[in-house]
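Participant: Coordinates for the following, if possible.
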Amino acid sequence: MGKVKNRSLARQIAKIFLSLVAGTVLLCLLINSMFLANFYFSNKKKQLSDTFYKINKAAVDGNLYTDDFDITFESICANGNLIIIIISSDGTVLRASASNADQIRTQFFEIIFGVHASETEVITSTDSYVIQRARDSRLQEEYLALWGNLDDGTQILMRTPLESIKESVLIANRFLVYVGIISMIGGMLLVIFSTRRITKPVLELTDLSRRMSELDFDAKYKSNGKTKNEIDILGEHMNKMSENLEETISELKTANLELQKDLELKTEIDEMRKEFLSNVSHELKTPIALVQGYAEGLKECLNDDEESRNFYCSVIMDETNRMNEMVKKLLTLNQLESGSDVLEMERFDLTEMVNGVIASSKLLALQNGISLSFDEKEPSYVWADEFKIEEVVVNYLSNAIHHAAGEKKIVVSFRDESSLLRMSVFNTGKHIPEEDLDKIWIKFYKVDKARTREYGGNGIGLSIVKAIMERHGRNYGVVNQEDGVEFWIELDKDNTVKKY
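Facilitator: Numbers count the residues shown, from 1 in each chain. Here you go, the predicted structure:
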């Protein structure tokens, strides 16, 4: 395709206007040249005829030769450029509009009696008068002549020159040319002024459409007039289209972001699924291998004594229990993360519940040489799912017992924070590396894999804590203290309505 030329709207309007004016002037010149002379000629004939009947009426009424009719007679001759002679039957001039009446009368007689027949032409002939086209051989001019008889018996002779017709046509055409030139100049000034008012909003709309194509939605059309025209209505529609386009693009971007998030989530879920399968396989591989190995040993009767058989059976039972616990925790975690597990919100004494968990864990702590202290005596009531919060406390205490080192001290404490109660479980021992603080809540993540395996951990306990606290909509976390590690949670002390 060829390159489209950028044509100015104002220039096109100016060309159209000039073409119309020039065409109109040329058409008028053509019409004048072809038809004005005939029209003028016909008008002169009618003028002669009308004048004849007007004078004939004055003759019938007896007013033709009165002083009152003198003014009328002069007006008729002057306005119609007529020479009129009225003569009696004996040739006496009774009234004439020219001083050389005798000379004109002679010329009329020549017309009437056809002295110069080749120079005359009858145009109209009636019972009362004849109109002829004649030529004055002396002056070389054409004229229309009317001669006839009035009802009072007198004769009337009228003449009007035709040379003025050609002159009138030339003057009219010349005047029309001047008018056309003036009209084109004035029209051009008017077009320049008018088109600026028209093209200015059009140019604004053009710039607006360009900015819209560049997704600049701040561009708006502003009407300058008090009354609305088609351009203003178009501008309002473009403003509305810009708003709708902005809204649509915004919705598309939102949908695109949602889609991108869904894709990222799907990718993350796929990665989590792969990681989960890998971790579960890894966690199950060792106990299954142990169970398989000791079961084969029992089958092959590698050790026939009672003590060896009991040892083999104990290993198998420990490993199956470990697998059973891991599966239970995975099921619990899955229910929490999927939201299928409903929270049973109730008010309970957290002090009493913590004392119960400590009592059940004290034996394991003593076996590991750990001192466990909890100084709260007064009831501390909170709103939560008691069973799930107990599981959080159990996981925190179990985690603290297995990681306590150095002085081997565990301290459980409460701290009031406005409408919240903060419970902390502190144990002395090694710090958790800073880069691992956010990762310990991830399923199967282990800071020290060898040590975790040693006490039977599988990296799911803290993931369950995370899921339970997020289901409650409350904060949780871990902090490295000077000589150990502190895990904490926050719970509501009142019954403030929350979304769970």
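Participant: for this protein, what spans make up the strands?
Facilitator: 83-87, 93-96, 120-125, 129-136, 141-149, 155-161, 346-349, 371-374, 381-384, 409-417, 420-428, 476-480, 484-492 (DSSP state E).
Participant: would TSV of these with mean neighbour count and distance to residue 36 be doable?
Facilitator: C-betas here are computed from N, CA, C, even on glycine. TSV is the format used below for those (neighbours: other C-beta atoms under 10 Å; distance: least, C-beta to C-beta, whole Å):
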stretch	mean neighbour count	distance to residue 36
strand 83-87	22	24
strand 93-96	16	31
strand 120-125	14	18
strand 129-136	18	17
strand 141-149	19	16
strand 155-161	22	16
strand 346-349	14	113
strand 371-374	16	126
strand 381-384	21	109
strand 409-417	16	109
strand 420-428	21	108
strand 476-480	16	107
strand 484-492	20	107
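Participant: any chance of those strands in CSV, plus mean pLDDT and distance to residue 31?
Facilitator: Formatted as CSV, those follow (pLDDT from 0 to 100; distance: least, C-beta to C-beta, whole Å):
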stretch, mean pLDDT, distance to residue 31
strand 83-87, 87, 31
strand 93-96, 83, 39
strand 120-125, 83, 23
strand 129-136, 82, 23
strand 141-149, 84, 23
strand 155-161, 86, 24
strand 346-349, 92, 107
strand 371-374, 91, 120
strand 381-384, 92, 103
strand 409-417, 92, 104
strand 420-428, 93, 102
strand 476-480, 92, 101
strand 484-492, 93, 101
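Participant: of those, which approaches residue 210 most closely?
Facilitator: strand 476-480 (54.6 Å; C-beta to C-beta).
Participant: and the direction of the closest one versus that of strand 420-428, what angle?
Facilitator: Put simply, strand 476-480 runs at 40 degrees to strand 420-428, going by axes from the mean of the first three to the mean of the last three C-alpha atoms, to 10 degrees.
Participant: Can you spell out which helices and strands pack onto strand 476-480?
Facilitator: helix 461-472, strand 484-492 (3 or more C-beta pairs under 8 Å, 6 or more residues apart in numbering; DSSP states H and E).
Participant: Check the offset of that strand from the chain's centre.
Facilitator: Strand 476-480 has its C-alpha centroid displaced from the chain centroid by 51 Å (C-alpha atoms, centre = their mean, to the nearest Å).
Participant: Numbering from 487 from now on, please.
Facilitator: That works, and once the first residue is 487, the last one we named lands at strand 962-966.
Participant: Let me know the angle separating that strand from helix 947-958.
Facilitator: 130 degrees.
Participant: Strand 962-966 pairs with which strands?
Facilitator: strand 970-978 (antiparallel) (DSSP bridges).
Participant: pull the CA atoms of the partner strand into PDB?
Facilitator: Taking Å, rounded to 0.1, in the frame of the first residue of the first chain, the C-alpha atoms of strand 970-978 are listed here in PDB:
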ATOM      1  CA  GLY A 970      19.300 -20.100  73.900                       C
ATOM      2  CA  VAL A 971      16.200 -20.100  71.700                       C
ATOM      3  CA  GLU A 972      12.600 -18.900  72.500                       C
ATOM      4  CA  PHE A 973       9.500 -20.000  70.700                       C
ATOM      5  CA  TRP A 974       6.300 -18.000  71.200                       C
ATOM      6  CA  ILE A 975       2.600 -17.600  70.300                       C
ATOM      7  CA  GLU A 976      -0.100 -15.000  71.000                       C
ATOM      8  CA  LEU A 977      -3.800 -15.800  72.000                       C
ATOM      9  CA  ASP A 978      -6.900 -13.700  72.600                       C
END
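Participant: now the strands of the chain in TSV, with distance to residue 684?
Facilitator: TSV is the format used below for these (distance: least, C-beta to C-beta, whole Å):
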stretch	distance to residue 684
strand 569-573	58
strand 579-582	65
strand 606-611	55
strand 615-622	55
strand 627-635	53
strand 641-647	52
strand 832-835	78
strand 857-860	89
strand 867-870	73
strand 895-903	72
strand 906-914	71
strand 962-966	70
strand 970-978	71
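Participant: And those strands: which comes nearest residue 688?
Facilitator: That would be strand 641-647 among the strands of the chain, by C-beta to C-beta, at 57.5 Å.
Participant: can you map out the helices along this structure?
Facilitator: Secondary structure of the chain by DSSP state H: the helices cover 495-517, 523-547, 554-566, 587-598, 649-699, 716-786, 792-824, 836-853, 872-889, 935-941, 947-958.
Participant: CSV please, covering those helices and showing mean neighbour count, mean pLDDT and distance to residue 926.
Facilitator: Output for these, formatted as CSV (neighbours: other C-beta atoms under 10 Å; pLDDT from 0 to 100; distance: least, C-beta to C-beta, whole Å):
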stretch, mean neighbour count, mean pLDDT, distance to residue 926
helix 495-517, 14, 78, 72
helix 523-547, 16, 88, 112
helix 554-566, 14, 87, 122
helix 587-598, 17, 67, 136
helix 649-699, 14, 76, 53
helix 716-786, 13, 75, 14
helix 792-824, 15, 70, 15
helix 836-853, 15, 89, 20
helix 872-889, 21, 89, 9
helix 935-941, 12, 45, 11
helix 947-958, 22, 86, 5
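Participant: To residue 614, which of these lies closest?
Facilitator: helix 523-547 (7.1 Å).
Participant: And the closest one, what does it pack against?
Facilitator: Using 3+ C-beta pairs under 8 Å, 6+ apart: helix 523-547 touches helix 554-566, strand 569-573, strand 606-611, strand 615-622, strand 627-635, strand 641-647, helix 649-699.
Participant: of all these, which lies closest to residue 803?
Facilitator: helix 649-699 (75.6 Å).
Participant: check contacts around the closest residue to residue 610 other than its chain neighbours.
Facilitator: The shortest distance from residue 610 to any non-neighbouring residue, by C-beta to C-beta, 6 or more residues apart in numbering, is to residue 617 (4.1 Å). Residues in contact with residue 617 (C-beta atoms under 8 Å, 6 or more residues apart in numbering) are 531, 534, 535, 608, 609, 610, 611, 630, 631, 632.
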